[in-house]
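Engineer: got a predicted structure here, sequence first:
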Amino acid sequence: MAKILVTGGCGFIGSHTVDRLIEEKNQVIVIDNLSTGFIENLNKKAIFYNVDIQEKEKLSDIFKNYSFDYVFHFAGQINVRKGEKDPIFDINVNVIGIVNLLEELKKNPPKKIIFSSTGGVMYGLTDIFPTPESVEPFPICIYGISKLTCEKLLYAYSKNYGINFVSLRYGNVYGPRQNYLSEAGVISIFISRVIEGKECIIFGDGEQTRDFIYIEDVVDANILFMENDINGIFNIGTGIETSVNRVFDIINENIGKDCKKVYRKAKKGELKRSCISIEKVKRYTGWSPKYKIEEGIKKTIEWFLNKN
Ligand SMILES: NC(=O)c1ccc[n+]([C@@H]2O[C@H](COP(=O)([O-])OP(=O)(O)OC[C@H]3O[C@@H](n4cnc5c(N)ncnc54)[C@H](O)[C@@H]3O)[C@@H](O)[C@H]2O)c1
């Protein structure tokens, strides 16, 4: 049984990862300030601290009680648009937050940190698709810049203090428990609106593409990288581009309510295309996603319907 810290364990990706870790008989300690996560998401067998990762002293107190084998770091400001509106907040949560964590971990390094980075915005205005990790990251949004800074910090701490890390650059993750009230997660937002018979708002012409990956595939990758000895940076996506219009159509067809799309002016700085290559992770680990977008959306709709 390993002792594992999961920051952001009440959120979407974090809570699914916690469930799997507990299923596999590990002891899980969660730190989350419930800013975008929900206590209902949290596995009852996890030990929970309602603490903000920006609060250095409170973090220190928690670390006095434990020696962690592994750390998953999911806590963060996740919303690209919010990052543009309030860059200081994004940097404080994402960058200062990880520094606080690393300062504690360097005293007693775990075997590995698994960091949740972004493949969606990391490569900025590249014209290489699907984009491999070898393309130099040049994000054009604060959120992407803060995630890139986190990766650089992890690299420096790994060299100076021997903390092994893997940074998983996820595509657009979707599935049960994603917060449809936030601006992140177009699939959850559309599903909840179509179920309620409301129109869906699309910014731009809807032909912008994303690399949508189902949560179970992401959790598989998270656990795999905890268990293996591979460090470094890996894209975790599908390598397949799907447009926002297509996402709407799949959802609408499945729910059968014939809802309308409403087009609004494109948001400034939003990428036209985003799709990441998964050749590296396949080569190193054999991992590849199991779910096609049609299947993943179907499962997500089922969850929403059961919840309602
Ligand atoms: N969902 C995606 O498509 C996606 C894609 C790439 C990367 N990521 C990254 O994965 C991680 C998890 O994302 P998610 O989609 O599960 O989002 P989420 O909002 O559901 O989860 C984030 C969790 O962190 C907590 N949190 C936020 N700020 C905190 C703070 N200051 N202190 C303590 N806890 C805090 C929230 O309450 C929430 O439970 C994030 O770091 C995000 O940037 C997500």
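Structural biologist: In hand now; what should we look at?

Engineer: residues in contact with the residue lying closest to Gly144 once chain neighbours are set aside?
Structural biologist: Sequence neighbours aside, Val121 is the residue nearest to Gly144 in space, at 3.9 Å (criterion: CB to CB, 6 or more residues apart in numbering). Yep, even glycine has a C-beta here, placed from its N, CA and C like the rest. Going by CB atoms under 8 Å, 6 or more residues apart in numbering, Val121 touches 80, 139-141, 143-144, 147, 271, 274.

Engineer: measure Val121 to the ligand for me?
Structural biologist: Noted for Val121: a distance of 8 Å to the ligand, by CB to the nearest ligand atom, to the nearest Å.

Engineer: per-residue pLDDT, that residue?
Structural biologist: Note on Val121: pLDDT of 96.

Engineer: any idea which helix or strand carries it?
Structural biologist: Under the criterion DSSP states H and E, no helix or strand holds Val121.

Engineer: how much space separates it from Phe138?
Structural biologist: Val121 sits 10 Å away from Phe138, going by CB to CB, to the nearest Å.

Engineer: so which bits of this structure are right by the ligand?
Structural biologist: 8, 10-14, 31-37, 52-54, 74-76, 78, 93, 97, 116, 118, 120, 170, 172-173, 179 (CB under 6 Å from any ligand atom).

Engineer: among those, which ones are in strands?
Structural biologist: 31, 116, 118, 170, 172-173 (DSSP state E).

Engineer: could you pull out the strands for the stretch 51-200 of the chain?
Structural biologist: 70-73, 112-118, 165-170, 172-174, 200-203 (DSSP state E, counting those that start in this stretch).

Engineer: okay if I get those strands as a markdown table plus distance to Asp19?
Structural biologist: Formatted as a markdown table, the strands of the stretch 51-200 of the chain follow (distance: least, CB to CB, whole Å):
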| stretch | distance to Asp19 |
| --- | --- |
| strand 70-73 | 12 |
| strand 112-118 | 16 |
| strand 165-170 | 18 |
| strand 172-174 | 15 |
| strand 200-203 | 30 |
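
Engineer: TSV for the ones you listed, including mean neighbour count?
Structural biologist: Below are the strands of the stretch 51-200 of the chain laid out as TSV (neighbours: other CB atoms under 10 Å):
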stretch	mean neighbour count
strand 70-73	25
strand 112-118	25
strand 165-170	23
strand 172-174	25
strand 200-203	18
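
Engineer: brilliant, that's me finished.
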